[in-house]
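A.B. asks: sharing a sequence plus its predicted fold:
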Amino acid sequence: MKFVRHIIAACAIVLLLVSCDDNVVFEENKAIPDGVWKNTESVRFQFNVTDTVSFHDFYLNLRNGEEYDFSNIYVFMEMEFPNAKRSIDTINCYLADPSGKWLGTGLGDLYDQRFRIRNRKQFPLAGRYTVTIRQGMRMPELEGIYDVGFRLAKSE
C-alpha cells in the first residue's frame, strides 16, 4: 500500500513539474535510492547557459516522507562555472514548523517543497554549469529524503 502511495505521489509531482512555466530555464529532479540519502552520495545537475544578461532565480526541490526524523535539513550546494571556478553555499531548509507539522504540499505521506536559494542572479559566463548537492546533516544516512532537484528560472 505504501508503494502505491509513492507511485501516485510521484505521478502527481511529475504532472505539476511539467505544467507550463515560460520562465523555467532548467529543472531536473533525481530520486534518492530507497529514500536514504547517504552523506557520501551527491546529486549532480548540468545545464548550459547562453543568457548572461537576464536575472535568474535558483531553487532547490526536496521531497521528504513522514519518517524523516528532523524538522530541517542542511545541504551543501556547489556550483562549478564554465571556467572551472567553484562556489559553495550551505543552505538550511525547514521541512516542518515548530509543532512538527510538515510544510509544503503533501500527498499521502510524502511532502514536496521548493526553496528559493538565490534571487535575481546573473550568470557571469556563458557555457556549461554543474550544480552538485549533498546532504550536510552530519549523519551517514538520512532516511526519508526521496527526491532532490534543481530548478533555474528567469526572474520575474
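C.D. replies: Cool, got the structure. Residues are numbered from 1 along each chain as shown.
A.B. asks: can you list the strands that whichever strand or helix holds L60 pairs with?
C.D. replies: Using DSSP states H and E, L60 maps to strand 56-65. Neighbouring strands of strand 56-65 in its sheet, by DSSP bridges, are strand 110-121 (antiparallel), strand 145-154 (antiparallel).
A.B. asks: bridging residues for the closest residue to G106 other than its chain neighbours?
C.D. replies: Leaving out its chain neighbours, the residue that sits closest to G106 by Cβ to Cβ, 6 or more residues apart in numbering is D112, at 7.5 Å. From N, CA and C alone the C-beta is placed, and that goes for glycine too. Applying DSSP bridges to D112 yields these beta-bridge partners: R63, T105.
A.B. asks: can you tell me how far D112 is from L95?
C.D. replies: 10 Å (Cβ to Cβ, to the nearest Å).
A.B. asks: that older thread, mind giving me the packing neighbours of the helix or strand following the strand holding L60?
C.D. replies: Sequence order places strand 72-80 as the next helix or strand after strand 56-65, per DSSP H and E. Other helices and strands packing on strand 72-80, by 3 or more Cβ pairs under 8 Å, 6 or more residues apart in numbering; DSSP states H and E, are strand 56-65, strand 86-94, strand 127-135.
A.B. asks: okay, now L110: neighbour count?
C.D. replies: L110 has 24 neighbours, counted by other Cβ atoms under 10 Å.
A.B. asks: between the strand holding L60 and strand 86-94, how many degrees?
C.D. replies: Angle, strand 56-65 to strand 86-94, by axes from the mean of the first three to the mean of the last three Cα atoms, to 10 degrees: 50 degrees.
A.B. asks: buried set for strand 56-65?
C.D. replies: Neighbour counts over strand 56-65 (16 or more other Cβ atoms under 10 Å) mark H56, D57, F58, Y59, L60, N61, L62, R63, N64, G65 as buried.
A.B. asks: now that strand against strand 72-80, angle please.
C.D. replies: Going by the same axes, to 10 degrees, strand 56-65 makes 140 degrees with strand 72-80.
A.B. asks: re the thing from before, just name the most buried of the strands paired with strand 56-65.
C.D. replies: Mean neighbours per residue, mean count of other Cβ atoms under 10 Å, is largest over the strands paired with strand 56-65 for strand 145-154, with a mean of 21.
A.B. asks: which residues touch the nearest residue to V148 once chain neighbours are set aside?
C.D. replies: Distances taken as Cβ to Cβ, 6+ apart put V43 closest to V148, at 4.5 Å, once the chain neighbours are dropped. Contacts for V43 (Cβ atoms under 8 Å, 6 or more residues apart in numbering) come out as K30, I32, T132, I133, R134, V148.
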